[in-house]
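A.B. asks: Kindly return the folded structure for what I paste below:
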Amino acid sequence: MPPPLDQESPNISISIERESNKRKLEDKQARAAAARVARQSSISSKSSRASTEGESSQSAVKRRKSSHHSGTPDQKENMSRTAGVLAQPEVIDLTSRPSNFQPHTGAKRLVIKNLRTDSRVDIGQYYEKIWGELGTALDLVFQRKDPVIPLEVLCRGVEATCRHGSAETLYKEIKDRSLYYLTKELLPAVMNEAGSTNVEALRIVYKYWTIWVDQLTLIRSIFSYLDRSYLLSAKQYDQLEDMGTKQFRDVTFGLKGKSVASELSARVILGVYELIDYDRNGERELFDHVLLKDSISMLHILGTYTTHFEGRFQMLSRKYFESFAQDRCNSTLKAYVSACENLLNQESLRCDTYNLDSSTKTNLLDSIYLTLVQQRSDALLDESGVSKLLGSNDIDSLRALYNLLKLSKIHTQLKKPWETYIKATGSNIVIDKEKGEEMVVRLLELKRSLDVIVRDAFHKDDAFTYTLREAFGNFINDRKNTSAWSSGDRKVGEMIAKHIDALLRGGLKAVPRSLLSDSMDRDEAEKRGQSSTGDEDAELDRQLDQSLELFRFIHGKDAFEAFYKKDLARRILMSRSASQDAERNMLAKLKAECGNAFTRNLEQMFKDQELARDEMVTYKQHLSNTSTTTMDLQVSILSAAAWPSYPDVTVNLPDEVARHIDKYDRHYKHKHTGRRLTWKHALAHSVVKAKFNKGTKELLVSAFQAIVLVLFNNLPQCGSLSYEHIQQTTGLVDVELQRTLQSLACGKLRILTKHPKGRDVNPTDTFTINLNFTDPKYRIKINQIQLKETKEENEQTHERVVQDRQYETQAAIVRIMKSRKTMTHANLVAEVINQTKGRGAVELPEIKKNIEKLIEKDYLEREGGSYVYLA
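C.D. replies: Here you go, the predicted structure:
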C-alpha cells in the first residue's frame, strides 16, 4: 500500500493547458450575433407598422413589379428566404446566463510536471515509526493512561501494518506484552493488596479485573482493524477480548500450575462462598450484595464458574444443609417445615438475583430435598406432628409440607397420617355422647376443614380426596364406634336426618358460620355455571349436598329413611318448611341417590297435601250453601300406607270443635263411600286469640294446648284450675298433660302461671291465666312442643327400623336361595351381608335367627352343611 500523502511523499504537480483564447473568441461572436438578430427584429416591427396604411395601394404595384421582374432562380430563392426571416424573427431568451459547459469539448493536451519516480522517505522507516507509536500506546494503556497520539492515527497505522503483511507479528506482540504486564505488574499488585480475608482478596481481584477490562477495551479500540479483519478469520488465534480474558484467568486462577495463582484462586472462590454464607446467616453488616453479583459475573466471563466455583460451592452447601437440618431436628414439625420452605425460597431467590447458573440452582434444590426431606421423611410424616397441623387447620404449613414431599416425590406417603387423623378425629366425634346432638354439625365441620385443606394445601390432589372418603366411610360404620350408642349404626343415620330437618325448617339460620361457603367456593360455582353460593337458595342447596355426602357414607340408610319420613310429615302438617322448593329439591336428590323405591312414600305425602287442599275447597263450598260458622277448620287427609304411623291419643274436644269435625266426617264419607277416617288430634294445631292486660295476641298452639286454654274462658278473672280438674275435663293421659302444661307455664313464653312455681308439673299444682303476659309480636308460636320428638317416639321409630331389617334380611335370604338353590352357611351369610349393608348392617346372630325362621316356615331346609331352597 502506498504511504499516505501527508507523510513526506514526493511532490507531484499536474498542469492542464486549455485553449482559453479560442473559447473567449467564440463567446464574443455568439453575443454579437444575438445582438444583431435583436436589432433586425426591432426594425422589422417598425416598418410593418408604418406600411399598414398604404398596404392596399402598394400591393398592386408590387404585384406588377414582381410580374415584370426578371432574375436568376438563385436570386429568387435568396429573396424568399430573406422575406421568410423578416416575417418570422427568432426569439432569444436574454434572461438566462450562458453556460460554460461544453459536452463535446475537453482537454486537448495533458501535461504532468515535476513527476518523481522515487519516494523522498524510506518505507521501512515509516513502518518503524508506526511500531514505535503502537508500542508507546500500549505502554500508556498498561499505565492506565490515554495514548498521546490520536486513536484515528493509531488505527490507520494498525491498518497499514496489517495490509503490509505483519498482522500475525502484531498480534503476537500484543499477546506477549499483555501477558508480561499481567504477570509482572498486575499479579504482584493483586497479591500485595489482597489482605488477610478471603472476601478482601475477592474484592481486590475484582477491582483489578475491572481495570483490565477497561484496558482491554482500549486495546481493542486501537487494534480494531486487526481484531475485526485478521483475527476474525484466523481460527488458530483468539480475538483480543478472548485472548485478554484467558490471560487474566491463567494468571489469577493458575491454570498453568502456578502455586501463587492457585492460592489466589482458592481465596477468591472461598470469598464468594463466604459472601453467600453471610447472606444465609443474616449477617447484613458483612454481606456485600453488589460484590457478590459482580463476582459471579466475573467467574462466568472468565470461564471458571464451572471448573473452579460450582463443584466447591455445591460441596460446602451440602455441609451447610446438613448442619441446618441437624440444628432443627428437635423443633416442631411446623417450625421445621417453615424453616425448610424459607431456605428453599432464599436459595432459589439468591440464584436468580445473583445470576448463578441454572444447573447450580437445580443441584442446590436437589441437595435440599435430599438432605432436609428425603433423609428426614420419618420426622416429616410423623403422625402426631401431621395431626397437630391438621387439627389447627394450618393451611400454610400443610401446603409447604405437601410441596416439600411432592418435589421429593414422596407426597403419597402423606396419605397414611392423613387417613389416621381423619379416623381418629371422626371416631371421637361419633362416640361423644355428651355432644350427640351436635354430631352431624361437627362431622360436617371436620369434612369442610379437610376439603379446604385438599383444595388449598394439597392442590386438589384426587388421591387425598379418595382417602378422605374412604376414611369417613370407615369410622362412621365402624362397630367399635357405633356400639357406644344403644341404637348402634342407626344413630348416625338418625342424626343426619335430624340435621336435614333443621335445615329445611330454619333455612340458613340453622347453619353455623363455619359451614358457609367462602369466596373460592363462590368463584368455582360461577365457573361451573351454577348459581353463586352467595345466593341464599344456592347456599342452602349446597348445605343439603354436604349433608348428603355424609348420607352416602352410612350403611344404616333405613334409619335415615324412617326419621326423615317422620320429620317431613311434621314439617308438612304444621307448615314449618322454610322453602317448598328446597323440600322438592331434597326429594329429587334422594331419588337420584337411592332410587324410586326410597322416595315413593315421600312423594305420596306431597300428593296427599294437594288432594287435601282440593277437598277443603269442596267442603267450604258445601258449608257456604248449607250453614254459616265462625270456625275455620282445615283437615288433612293422609294415606295410612305412605305416612308414618302415629299412636291414638284420647282427648275430649270442645263441643264446637267436635261438632265441626263430625260434620266434615259425614261429608267425606258421603263423598267417598267405603273409606274410614281416623283422627290424629296430637298432630293438630290451632290459632287462639287471647286478650291480656296489654293487648290482644294470637297464639299459635297445638290442639292439646288449645283445649287446655279454652278451659280458662269460663273462670273469673283471678280463677284457677287444678291439675286434676284439667285432666278430668280434657281426658289427657299424664304424659301428654304434663308436657302440655309445662309448655304453657314453664317455658320462655308463659301463658299460664303455675302454683307453686317450678320447672316440673305435679298433680297437686294449680294454674291461672297470666294476664300480664306481653310480647312485641302479635302472633306468637308456642307449639314448639309438637316439633320435638319424645323419647318414647324415638324408641318406637328405632324398633320399627329393627323390625323392618328383619323382614328385609329374610327377603334377601329368600332371593339368594331362590337364585342359587343350594348354598353353604358361610357363603349365604356373606351374600346376605353384601346385599343388606346398603340399608343397614345386620349382626351375624340376627342372620342366623332369620335363617332358622325361614326353615321353620319351610322356605329352606338343611342338607348336610348346606341349605336347600324349597319351591
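A.B. asks: quick one: secondary structure of the closest residue to N693 other than its chain neighbours?
C.D. replies: Spatial nearest neighbour of N693, chain neighbours left out: L771 (4.9 Å); criterion: C-beta to C-beta, 6 or more residues apart in numbering. Just so you know, the C-beta spots here come from the backbone N, C-alpha and C atoms, and that holds for glycine as well. Under DSSP: H, G, I helix; E, B strand; the rest coil, the three-state class of L771 is coil.
A.B. asks: any idea how far L771 lies from N713?
C.D. replies: 13 Å (C-beta to C-beta, to the nearest Å).
A.B. asks: Which residue ranges of the protein form strands?
C.D. replies: Applying DSSP state E to the chain gives strands spanning 13-16, 110-113, 685-692, 695-702, 721-722, 752-755, 766-769, 779-781, 822-824, 860-863, 866-869.
A.B. asks: Quick one: closest of these to L179.
C.D. replies: strand 13-16 (50.6 Å; C-beta to C-beta).
A.B. asks: what pLDDT, on average, does the closest one get?
C.D. replies: Averaging pLDDT along strand 13-16 gives 34.
A.B. asks: before we move on, what about stretch 726-743?
C.D. replies: Averaged across stretch 726-743, the pLDDT comes to 89.
A.B. asks: Ends of stretch 730-750, what's the gap?
C.D. replies: 20 Å (C-alpha to C-alpha, to the nearest Å).
A.B. asks: residues of that stretch that come out buried?
C.D. replies: 730, 732, 736-745, 749 (16 or more other C-beta atoms under 10 Å).
A.B. asks: E470: which of the strands of the chain is closest?
C.D. replies: With distances scored as C-beta to C-beta, the stretch of the strands of the chain nearest to E470 is strand 822-824 (30.4 Å).
A.B. asks: can you pull the buried residues of that closest one?
C.D. replies: Neighbour-count burial for strand 822-824 flags M823 (criterion: 16+ other C-beta under 10 Å).
A.B. asks: Report all helices and strands that it contacts.
C.D. replies: Applying 3 or more C-beta pairs under 8 Å, 6 or more residues apart in numbering; DSSP states H and E, one finds that strand 822-824 contacts strand 866-869.
A.B. asks: The strand it packs on - contacts with which helices or strands?
C.D. replies: In terms of contacts (3+ C-beta pairs under 8 Å, 6+ apart), strand 866-869 is packed against helix 791-820, strand 822-824, helix 825-836, strand 860-863.
A.B. asks: strands paired with that strand, and their directions?
C.D. replies: Paired neighbours of strand 866-869 in the sheet (DSSP bridges): strand 822-824 (antiparallel), strand 860-863 (antiparallel).
A.B. asks: Next, report how far the shortest one is displaced from the centre of its chain.
C.D. replies: Which is strand 822-824. 58 Å (C-alpha atoms, centre = their mean, to the nearest Å).
A.B. asks: for it, what is the average pLDDT?
C.D. replies: The model assigns strand 822-824 a mean pLDDT of 88.
A.B. asks: Other residues contacting that strand?
C.D. replies: When contacts are defined by C-beta atoms under 8 Å, 6 or more residues apart in numbering, strand 822-824 is touched by residues I816, M817, E831, E863, G865, S866, Y867, V868, Y869.
A.B. asks: circling back to that earlier point, between the strands of the chain, which gets nearest to R267?
C.D. replies: Here strand 13-16 is closest among the strands of the chain (C-beta to C-beta), at 69.8 Å.
A.B. asks: Can I get the helices and strands packed on strand 866-869 in CSV including distance to M298?
C.D. replies: CSV is the format used below for these (distance: least, C-beta to C-beta, whole Å):
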stretch, distance to M298
helix 791-820, 83
strand 822-824, 85
helix 825-836, 75
strand 860-863, 93
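A.B. asks: of all these, which lies closest to S265?
C.D. replies: Taking the helices and strands packed on strand 866-869 one by one with C-beta to C-beta, helix 825-836 is closest: 76.2 Å.
A.B. asks: Flag every buried residue along the closest one.
C.D. replies: L828, V829, E831, V832, I833, Q835, T836.
A.B. asks: Tell me which two in those residues are the farthest apart.
C.D. replies: Most distant of the buried residues of helix 825-836, by C-beta to C-beta, are L828 and T836, 12.2 Å apart.
A.B. asks: sorry, back to before: now flag whichever of the buried residues of helix 825-836 is closest to I855.
C.D. replies: For these, the nearest to I855 is L828 (12.0 Å; C-beta to C-beta).
A.B. asks: For S866, see how far away the closest one is.
C.D. replies: The spacing between L828 and S866, counted by C-beta to C-beta, is 9 Å.
A.B. asks: for V832, same thing?
C.D. replies: For V832, the distance to S866 - C-beta to C-beta - is 15 Å.
A.B. asks: before we move on, what about Y778?
C.D. replies: Counting by C-beta to C-beta, the gap from Y778 to S866 is 73 Å.
A.B. asks: Check Y127 too.
C.D. replies: Taken as C-beta to C-beta, the span from Y127 to S866 is 121 Å.
A.B. asks: If I follow the layout properly, F309 ends up in contact with H300?
C.D. replies: No - using C-beta atoms under 8 Å as the test, F309 is too far from H300 to be in contact (9.4 Å).
A.B. asks: the more surrounded of the two?
C.D. replies: Higher neighbour count among F309 and H300: F309, with 23 against 15, using other C-beta atoms under 10 Å.
A.B. asks: For K460, find the nearest of the helices and strands packed on strand 866-869.
C.D. replies: If we rank these by C-beta to C-beta, the stretch that ends up nearest is helix 825-836, at 33.0 Å.
A.B. asks: chain center to the closest one, what's the gap?
C.D. replies: 48 Å.
A.B. asks: Other residues contacting it?
C.D. replies: By C-beta under 8 Å, 6+ apart, helix 825-836 touches 805, 808-809, 812-813, 815-817, 823, 841-842, 844, 847-848, 851, 865-867.
A.B. asks: returning to what we had before: turn the contacts of strand 822-824 into TSV, columns for distance to R659 and pLDDT.
C.D. replies: Shown next, in TSV, are the contacts of strand 822-824 (distance: C-beta to C-beta, whole Å; pLDDT from 0 to 100):
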residue	distance to R659	pLDDT
I816	57	89
M817	58	88
E831	60	88
E863	67	84
G865	70	79
S866	67	86
Y867	62	86
V868	64	89
Y869	59	85
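A.B. asks: Any of these buried? List them.
C.D. replies: Listed as buried from those are I816, M817, E831, Y867, Y869; burial here means 16+ other C-beta under 10 Å.
A.B. asks: which one of those is nearest L503?
C.D. replies: Nearest to L503 among the buried ones among the contacts of strand 822-824: E831, at 37.4 Å, using C-beta to C-beta.
A.B. asks: How far away from the center of its chain is stretch 165-173?
C.D. replies: The mean C-alpha position of stretch 165-173 is separated from the chain mean by 64 Å, C-alpha atoms, centre = their mean.
A.B. asks: can you list the residues that contact that stretch?
C.D. replies: Applying C-beta under 8 Å, 6+ apart, the external contacts of stretch 165-173 come out as Y127, L134, V158, T161, C162, F223, L226, S229, Y230, L231, A234, Y237.
A.B. asks: if we go to 6 Å?
C.D. replies: Here stretch 165-173 makes contact (C-beta atoms under 6 Å, 6 or more residues apart in numbering) with T161, L226, Y230, Y237.
A.B. asks: Who wins on neighbours among these?
C.D. replies: That'd be L226 among the contacts of stretch 165-173, by other C-beta under 10 Å, with 25 neighbours.
A.B. asks: Return the per-residue confidence for that one.
C.D. replies: L226 is given a pLDDT of 92.
A.B. asks: What's the separation between it and Y305?
C.D. replies: L226 is 29 Å from Y305, by C-beta to C-beta.
A.B. asks: and what of F598?
C.D. replies: When F598 is compared with Y305 (using C-beta to C-beta), they lie 72 Å apart.
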